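1. give me a 3D structure for the following:
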Amino acid sequence: MMNIDVIMPKMGESITEGTILEWKKNVGESIKLDETLLEISTDKVDSEIPSPSEGVITEILYNVNDIVQVGEIIAKISKDGKVKVQNNLKKEVVKNDNKKEKFVNIDSIRSQRTEKETYVKRFLSPLVKNIAKKEGIDLSELDSIQGSGRNNRLNKEDLLNYINSKNNAKPMPSFKKIPNLPFNNSEQILRNDVEKMDRVRLKIGEHMVNSVKTSPHVYSTTEVDMTSIVEMTNQNKNAFSEKYNLKLTYTPFILSACVKAIQDFPLMNAMIDGENIIHQKNINLGIAVALNDGNLIVPSLKNSEEKNFLGLSRNASELASKARNDKLEPDDIFGSTFTVTNPGMFGSLFGMAIINQPNLGILSVGAIKKKPVVKETDYGDVIVVRSMMYITLGYDHRLIDGAYGTRFLAKISEYLENFKLNEII
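-> Below is the predicted model:
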């Protein structure tokens, strides 16, 4: 019998492990070449893993939610179609009093787990957890909800339907007068809720802490007159949409200005490796995208220096859509050389973002607001209403000095204020 080993794949340069989300096939079932065998989750992206061969599944070596190192064998496939079913789930080694080793089937250990642990074992996406937390639904109640996904997996629609039916059936609350009670400092009336961070949030936290420890952050801020771009966008958005089937937003203007400024100040595109400076030739702009579950991900626009305004607009739109629909590939989120984040879309005037390692800089874009501005004319100073926007550059002071960073920021502002219509159509 010829067996093919299925290994945990390496999904990116910095990925060392993956979490098994779901097996699409069971032991004894047939599978075709490149048919989806399982889903795995890495730090920031979920991926479907295809079968490396046609045949029959003979062994599955890890369970759902197990964390597996890259390169480990996770399953076996028989190419000749012969099945020898074995219970080869991962085993644990236990030493007895005579210091001899005996193997205990993992199933017997699971049977001793508490009811609370059983609830935790059911896979819940970060989005489902977030909705449940906001609605005050605990794990035991979640476990009672019937899921429509594979193996009773609970998705967003299942939970929202449950909440709606629960609210519709909820009687009007009755109010009772609470008697005045003497206050006792020794009694704690309020109780705190404790929630374990999901894997993505933990990894984001680790990445942020590592960045602050690695890079001495310095910030510079300037104000940009966006009036011309606002008018250009409003006047051309319909024609742009009809011609390219693409929404015209402010994002490609900002990305284009960053690319041009980086070409003028190439050290902003470098990275530090120990005692060496790596001068990167390609400009891979990272764009921070807020996800529906409240987490953040930074897909990378590869070779941005080779793209015109339309190319940047289309690439940014596609990556943002893939991110929000959980369709990003591992290559989409690695390799950025400079990052742009936009807290302004949520109303913030400006932000001081943390550098996305191993980048040397990150640009934070604020909201565009109309305000009175003093302008110099041939007839003296006048007050006019302009559409203004703050941009803030965070940079690594190990390599980027204040003068270099500030001149780079001023160059971005200059490109934004002098955009020409022929650059976008």
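2. phi and psi next, for Lys211.
-> Small correction: residue 211 is Ser, not Lys. Torsion angles at Ser211 (phi, psi; degrees, to the nearest 10) stand at phi -70, psi -40.
3. quick check: it touching Asn359?
-> No - counting by CB atoms under 8 Å, Ser211 stays clear of Asn359, with 9.1 Å between them. Every residue, glycine included, has its C-beta placed from N, CA and C.
4. more neighbours: which of those two?
-> Counted by other CB atoms under 10 Å, Ser211 and Asn359 do not tie: Asn359 has more neighbours, with 23 against 19.
5. separation between the more buried one and Leu139?
-> 38 Å (CB to CB, to the nearest Å).
6. can you check Pro358 too?
-> 38 Å.
7. can you check Val298 too?
-> Distance, Val298 to Leu139, using CB to CB: 31 Å.
8. of these two, which one has the most company?
-> A count of neighbours by other CB under 10 Å puts Val298 above the other of Val298 and Leu139, at 23 against 15.
9. how about the closest residue to the more buried one other than its chain neighbours, phi and psi?
-> Spatial nearest neighbour of Val298, excluding adjacent residues (CB to CB, 6 or more residues apart in numbering): Gly286 at 4.4 Å. Backbone torsions of Gly286, given as degrees, to the nearest 10, read phi -90, psi 140.
10. I'd say Gly286 and Ala353 touch.
-> No - with contact defined as CB under 8 Å, Gly286 does not reach Ala353; the gap is 11.1 Å.
11. can you list the low-confidence ranges for the stretch 1-150 of the chain?
-> Counting by pLDDT under 70, the stretch 1-150 of the chain contains low-confidence residues at 1, 13-14, 43-45, 81-123, 125-127, 130, 149-150.
12. all helices for the stretch 301-425 of the chain, in order.
-> With DSSP state H, counting those that start in this stretch as the criterion, the stretch 301-425 of the chain has helices at 309-324, 402-417.
13. please apply the same query to the stretch 1-150 of the chain.
-> 106-110, 115-121, 126-135, 139-143.
14. nearest spatial neighbour of Val230, chain-adjacent residues omitted?
-> Per CB to CB, 6+ apart, closest to Val230 is Ser387, 4.5 Å.
15. give me phi/psi at the residue of the chain most remote from its centre?
-> Distance from the centre of the chain peaks at Tyr379, with 52.2 Å (CA atoms, centre = their mean). Reported as degrees, to the nearest 10, the phi and psi values for Tyr379 are phi -100, psi 10.
16. distance between the ends of stretch 137-145?
-> 11 Å (CA to CA, to the nearest Å).
17. do the same with stretch 328-337
-> End-to-end for stretch 328-337, by CA to CA: 18 Å.
18. list the buried ones in that stretch?
-> 328, 330, 332-334, 336-337 (16 or more other CB atoms under 10 Å).
19. now the residue nearest to Glu39 when sequence neighbours are not counted: how far from Ser41?
-> Take Glu39 and drop its neighbours on the chain: the residue closest to it by CB to CB, 6+ apart is Leu21, 4.2 Å away. Using CB to CB, Leu21 is found at 5 Å from Ser41.
20. who's more crowded, these two?
-> More neighbours surround Ser41 than the other of Leu21 and Ser41, with 20 against 17 (other CB under 10 Å).
21. now do the contacts for the more buried one.
-> Neighbour list for Ser41: 18-19, 21, 47, 199 [criterion: CB atoms under 8 Å, 6 or more residues apart in numbering].
22. now do the contacts for the residue nearest to Glu39.
-> Counting by CB under 8 Å, 6+ apart, Leu21 touches 38-41, 46, 64-65, 123.
23. so which residues of the stretch 251-400 of the chain form strands?
-> 271-273, 276-278, 285-287, 289-290, 296-297, 300-301, 338-341, 361-377, 380-396 (DSSP state E, counting those that start in this stretch).
24. how about residues contacting the first one?
-> Applying CB under 8 Å, 6+ apart, the set of residues contacting strand 271-273 from outside is 277-278, 280, 337, 358-360, 396, 398-399.
25. filter the residues you listed down to the buried ones.
-> 337, 358-360, 396, 399.
26. mind putting those in TSV, pLDDT and distance to Ser165 included?
-> What follows is those, written out as TSV (pLDDT from 0 to 100; distance: CB to CB, whole Å):
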residue	pLDDT	distance to Ser165
Thr337	97	49
Pro358	95	49
Asn359	97	47
Leu360	98	52
Asp396	98	52
Leu399	97	57
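27. closest one of those residues to Asn303?
-> Asn303 lies nearest to Thr337 out of the buried ones among the contacts of strand 271-273, by CB to CB, at 10.5 Å.
28. distance of the closest one relative to Ile278?
-> Taken as CB to CB, the span from Thr337 to Ile278 is 10 Å.
29. cool, Phe309 as well?
-> For Phe309, the distance to Ile278 (CB to CB) stands at 29 Å.
30. just want the most central residue of the chain.
-> Short answer for the chain (CA atoms, centre = their mean): Ile297, at 2.6 Å.
31. any idea what that residue is bridged to?
-> Applying DSSP bridges to Ile297 yields these beta-bridge partners: Val289.
32. secondary structure class for Asn236?
-> helix (DSSP: H, G, I helix; E, B strand; the rest coil).
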